[in-house]
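Undergrad: no FASTA, just this:
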């Protein structure tokens, strides 16, 4: 049946761009899962962002990625990423954090803070463009690509500013899977100490699991709890940056465009102090701590399993979309300074984390 001036198929065609982009991201997630099954050492999320990065280098694929697929991939890179971060909160219980002890919590907060501050400062000293310094600082100090995506939302970053930090945390996090286990024996680390080191220093949760499981279940358990405690620091970090952004907007508005100290800022609504998805993440942590235990072990296990699957799928789709924005040719021309900052940040957090392990031992 047709309507005036068109056909019944037109509404479907108008929806097709974002539906097609999401379908491609979902297909890439299935492929990433297959890669993880075939090579367990490669985390599914790392495989997903790697597939996106490969697709982004193929000229024919670039035209499609920047054309008909762009609306759907944009939804995946932003909305699905934020929903995945919310579901990530269900993995973390305040009881688990308390079980670490106050000394470990202080060490975690200090390492995150020092790494973030030093990386941000180094990035500014090397004059990285746009918001790259703060995005690289967030990714390396907290939780990799997820933190980059979360920080880009509150800083209103451009896609080209986000692409380089995503590439760097993926590169260094993947290297950690192979480098850290080799160093375990020479450093004399027990399985538990190795897990703490991995949880303190490796970026994405999937990369932490892939690295720590090599040393066995004790290392894996320690790594996951420490890593998820690091993830929790994302909420106050985003809140602080959101407050700084709002004050900068207000200061600019008071100065006016003609003032010599006026700084050109993105034309967008003022960022919230605490974005909705970060509030959702905190709420999910509280639900995991206080509500799910009331449901019983079977129900809690079912909810957590479903949430884990949903979070992994959503983040894999988001990371494929983010990876597809990366262009190695552009990075080769302009990204060498960012590479130096990223590698320096990786070495810094690994060294600080190893020192933290020795303090806590």
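TA: Received it, and whenever you're ready, just let me know what you need. All values derive from a computational prediction rather than experimental measurement.
Undergrad: Tell me the secondary structure at residue 203.
TA: coil (DSSP: H, G, I helix; E, B strand; the rest coil).
Undergrad: ok, now which ones touch it?
TA: By CB atoms under 8 Å, 6 or more residues apart in numbering, the residues touching residue 203 are 139, 140, 143, 144, 145, 169, 172, 173, 176. For every residue, glycine as well, the C-beta is placed using N, CA and C.
Undergrad: my read: the third one touches residue 206, true?
TA: Pointing back at residue 143 there. No: here residue 143 lies out of contact with residue 206, judged by CB atoms under 8 Å, at a distance of 10.4 Å.
Undergrad: Compare these two and say which is more crowded by neighbours.
TA: Under the neighbour definition other CB atoms under 10 Å, residue 143 and residue 206 were set side by side, and residue 143 has more, 30 against 25.
Undergrad: roughly how far apart are residue 102 and residue 355?
TA: Spatial separation of residue 102 from residue 355 under the definition CB to CB, to the nearest Å is 18 Å.
Undergrad: The two: which has the busier surroundings?
TA: Between residue 102 and residue 355, counting by other CB under 10 Å, residue 355 is the more crowded of the two (14 against 8).
Undergrad: For the more buried one, which three-state class applies?
TA: For residue 355, the reduced secondary structure class is helix; criterion used: three-state DSSP.
Undergrad: mind checking pLDDT for it?
TA: We have a pLDDT of 95 for residue 355.
Undergrad: measure it to residue 173 for me?
TA: In this view, residue 355 and residue 173 are 20 Å apart by CB to CB.
Undergrad: And for residue 122?
TA: Taken as CB to CB, the span from residue 122 to residue 173 is 19 Å.
Undergrad: who has more neighbours, those two?
TA: Summary of the neighbour comparison: residue 122 and residue 173, criterion other CB under 10 Å, with residue 173 having more neighbours (28 against 20).
Undergrad: And for residue 241, nearest residue in space, chain neighbours not counted?
TA: Excluding its sequence neighbours, the residue lying closest to residue 241 (CB to CB, 6 or more residues apart in numbering) is residue 154, at 5.5 Å.
Undergrad: From residue 234, how far out is the one you found?
TA: Here the distance between residue 154 and residue 234 works out to 11 Å (CB to CB).
Undergrad: now do residue 48
TA: As judged by CB to CB, residue 48 and residue 234 stand 20 Å apart.
Undergrad: In terms of neighbours, single out the busier of these two.
TA: Using other CB under 10 Å, the more surrounded residue of residue 48 and residue 234 is residue 48, with 32 against 24.
Undergrad: Can you tell me how far the more buried one is from residue 139?
TA: Residue 48 is 16 Å from residue 139, where distance means CB to CB.
Undergrad: same deal with residue 225?
TA: In this structure, residue 225 lies at 21 Å from residue 139, with CB to CB as the measure.
Undergrad: picking that back up, now the helix or strand containing the residue nearest to residue 241: how far from the chain's centre is it?
TA: Using DSSP states H and E, residue 154 sits within helix 144-155. For helix 144-155, the separation from the chain centroid amounts to 6 Å (computed by CA atoms, centre = their mean, to the nearest Å).
Undergrad: now swap in stretch 315-326 and tell me
TA: On the basis of CA atoms, centre = their mean, stretch 315-326 sits 11 Å off its chain's mean C-alpha point.
Undergrad: isn't residue 284 right up against residue 85?
TA: No: in this structure, residue 284 sits apart from residue 85 without contact. The criterion is CB under 8 Å, and the distance is 9.1 Å.
Undergrad: what about these two, which has more around it?
TA: Counted by other CB under 10 Å, residue 284 and residue 85 do not tie: residue 85 has more neighbours, with 28 against 20.
Undergrad: I'd like to know which helix or strand in this protein has the lowest mean pLDDT.
TA: The least trusted helix or strand in the chain, going by mean pLDDT, DSSP states H and E, turns out to be helix 328-334, with a mean of 69.
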